[in-house]
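Asker: have a look; sequence and predicted model below, questions after that.
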Amino acid sequence: MRSPALLTAALLAGCSTAPKADLVVFGRVWTGDSTRPWAAAAASRGDTILAVGDSAEVAPLVGGKTVRIEAGQGLVAPGFMDGHVHLLSGGFQLASVDLRDATTPEEFTRRIKAFAATLKPGEWITGGDWDHEKWPGTPLPDRAWIDSVTPRNPVFVNRLDGHMAVANSLALAAAKLDKSAKEIPGGTIVRRKDGELTGVLKDEAMNPVYRVIPDPSPSQLDSALARAMRHAASLGVVGVSSVSTSWADIAALQRARARGALTLRVSNYIPLAAWRSMADSLKAHGPGDDWIRCAGVKGFVDGSLGSTTALMTEPYRDAPGTRGLFVTPEDSLRRWIGAADSAGLQVAVHAIGDRANALLLDIYDSVSKAHGARDRRFRIEHAQHLRPKEIPRFAALGVIPSMQPYHEADDGRWAAKRIGPELMKGTYAFRSLLNSGARLAFGSDWTVAPLDPLPGIKAAVTRQTLDGKYPEGWVPEQKISVQEALRAYTAGYAYAVFAESSRGVLKPGYRADLVVLDRDITRMPPGSIDEAKVVATVVGGKVVFRREPGS
């Protein structure tokens, strides 16, 4: 068999015996390939890129059955890939109550009341993704807000960062949580002055409620996955890292593949504490392939800045009684990371606060030295707040900062009330990390943030916040270029999941995964990038989404 390069040469030479392409896209093509960054057309056969070149070069590959897409004034790029999602949770949230843009406690209550009216008695209300920073001067939610409107349904709706949630009285009773409940390591039970529970639980304190929520059935998981995949396709997302995933979630992916319904490439990371089950699976079945991959494990050091549970070196400015918390005890982190690495697993760990990131880099360094050199590609999920001395350690240790730029646009509205100006300089330090030689991988943390990569690209390029208070950018010295942001959503992601030899660029022999936008985001005002729309999404050479004209 001829190599992809030789086959492409024959095709571009107009070889009469060469097979025609299944798909050809014409337009301004950003390939992500440093050897040929720009082209005017790309062709694929099966799930593989056949040729990338000028229009005249690729035109002979068009046959009577070739699907042809014209990008016009838009942009063709490698399909977006998201380094950090909660995939099945996202699918369930698409069918649950949406509290993200509820701007008052009254609206919060009204939406839950309306959603409860659609349910049968006993059905749980979960998800929500509320944001109390939208309610200036209002304390955290209280179960009293929702008890009267949910007399038949347990409620456990989370803050958008997933690090705290509010339960109604029915949910607390189901979890056997009341005034006598003892504090839970790695979490916080928020109480009223008389000791009664408000219903708000933070980090590990949420687990008693999660344990009593009924597990979804296989058919419910299948439906949630179908919703999530449709949503991803509509946004040009062709691959994701699904973190904190379960074996039941992976089984749903396998069922979708068996039905021929899988339209998204998924790398799965199960909880760090369950590292042994992943190691056993890899030994018995191997890591999988470009469609479903058992990639490794994902753990937590700390919580989040929004919940004041991110682990910080200094006390919070607006909560001086705390410096955050360890979601996972340090000794457990060291033991589990070491064991997972010994088993050959890739390790990804959530760290947001500056102390959490410093500690995790220390652990990664010690494990690497103890176990010897290998291509392990440790990941730090979020890497949000870094002291200057930690920034060069990512490249030096080969640690991948897996970051979510939309969080910067969101947190920038209120972060200054929690952390001081010195630490702010290393907040979402995209530019400094790139300059130091680190390989950025971008994502969304969906459902914590929207799955759409375009607002994330805008955030990384402009550093503008959602409230519009920083038109020139919040911590503007950390801006990066559009192409650098695109690379973090494509080739950077591919490297983070050991797929750089087959995905992330448009190049002969690589997977035919691409997105077509209705405008060229490399040539438009950066502040308008999020106005672009996806025209078409191609995964494995198949069109999985195409926008209807006029929509």
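Answerer: Sure thing, it's come through.
Asker: any idea which helix or strand carries Phe115?
Answerer: Assigned by DSSP states H and E, Phe115 falls within helix 105-116.
Asker: please disregard the earlier target; I meant Phe545.
Answerer: Per DSSP H and E, Phe545 falls inside strand 542-546.
Asker: could you list the buried residues of that strand?
Answerer: Neighbour-count burial for strand 542-546, counted by 16 or more other C-beta atoms under 10 Å, picks out 542, 544-546. (C-beta placed from N, C-alpha, C; glycine too.)
Asker: for stretch 67-76, same thing?
Answerer: Neighbour counts over stretch 67-76 (16+ other C-beta under 10 Å) mark 67, 69, 71, 74-76 as buried.
Asker: what's the closest of these to Gly426?
Answerer: Distance to Gly426 across these (C-beta to C-beta) is lowest for Leu75, with 32.1 Å.
Asker: and that closest one, that one's in a helix?
Answerer: No - the assignment for Leu75, made by DSSP: H, G, I helix; E, B strand; the rest coil, is strand rather than a helix.
Asker: the stretch 351-500 of the chain: strands as residue ranges?
Answerer: Remark: strands assigned in the stretch 351-500 of the chain by DSSP state E, counting those that start in this stretch are 379-382, 400-403, 441-442.
Asker: for the last one, give the mean pLDDT please.
Answerer: Mean pLDDT, taken over the full extent of strand 441-442, equals 98.
Asker: by contact count, what packs against that strand?
Answerer: Judged by 3 or more C-beta pairs under 8 Å, 6 or more residues apart in numbering; DSSP states H and E, strand 441-442 is in contact with strand 80-85, strand 400-403, helix 453-462, helix 482-488, helix 491-496.
Asker: pipe these into TSV and attach mean pLDDT and mean neighbour count per row.
Answerer: Output for the helices and strands packed on strand 441-442, formatted as TSV (pLDDT from 0 to 100; neighbours: other C-beta atoms under 10 Å):
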stretch	mean pLDDT	mean neighbour count
strand 80-85	98	29
strand 400-403	98	28
helix 453-462	98	26
helix 482-488	98	23
helix 491-496	98	26
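Asker: redo these as a markdown table? Include distance to Pro37.
Answerer: Below are the helices and strands packed on strand 441-442 laid out as a markdown table (distance: least, C-beta to C-beta, whole Å):
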| stretch | distance to Pro37 |
| --- | --- |
| strand 80-85 | 18 |
| strand 400-403 | 23 |
| helix 453-462 | 17 |
| helix 482-488 | 8 |
| helix 491-496 | 12 |
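Asker: looking at the ones you listed, which is closest to Asp280?
Answerer: Between Asp280 and the helices and strands packed on strand 441-442, the shortest gap by C-beta to C-beta is with helix 491-496, which sits at 23.9 Å.
Asker: all helices for the stretch 201-350 of the chain, in order.
Answerer: Taking DSSP state H, counting those that start in this stretch, the helices of the stretch 201-350 of the chain run over residues 207-212, 218-234, 247-258, 275-285, 330-342.
Asker: and what of the stretch 51-200 of the chain?
Answerer: Going by DSSP H, counting those that start in this stretch, the stretch 51-200 of the chain shows helices at 55-58, 87-93, 105-116, 169-174.
Asker: which parts of the last one are buried?
Answerer: Read that as helix 169-174. The neighbour-count check on helix 169-174 (16+ other C-beta under 10 Å) flags 169-172, 174 as buried.
Asker: between those residues, which sits nearest Val52?
Answerer: Out of these, the member with the shortest distance to Val52 (by C-beta to C-beta) is Ala171, at 53.7 Å.
Asker: and stretch 98-117, which residues are buried?
Answerer: Within stretch 98-117, the residues scored as buried using 16+ other C-beta under 10 Å are 99-100, 102, 105, 108-109, 111-112, 115-116.
Asker: hmm, which two among those residues are most spread apart?
Answerer: With C-beta to C-beta as the measure, no two of those lie farther apart than Arg100 and Ala116, at 18.0 Å.
Asker: tell me the contacts of the residue nearest the centre of the chain?
Answerer: The centroid of the chain falls nearest to His84 when counting by C-alpha atoms, centre = their mean (2.6 Å). Applying C-beta atoms under 8 Å, 6 or more residues apart in numbering to His84 gives the contacts 241, 243, 381-382, 402, 404, 443-445.
Asker: can you check Val237 too?
Answerer: For Val237, the contact set (C-beta under 8 Å, 6+ apart) comprises 79-82, 264, 451, 453, 537.
Asker: so what would you say the end-to-end distance of stretch 506-522 is?
Answerer: The straight-line separation of the ends of stretch 506-522 (C-alpha to C-alpha, to the nearest Å) is 17 Å.
Asker: name the member of the buried residues of helix 169-174 with the shortest distance to Pro329.
Answerer: Proximity of those to Pro329 (C-beta to C-beta) peaks at Leu172, which lies at 25.7 Å.
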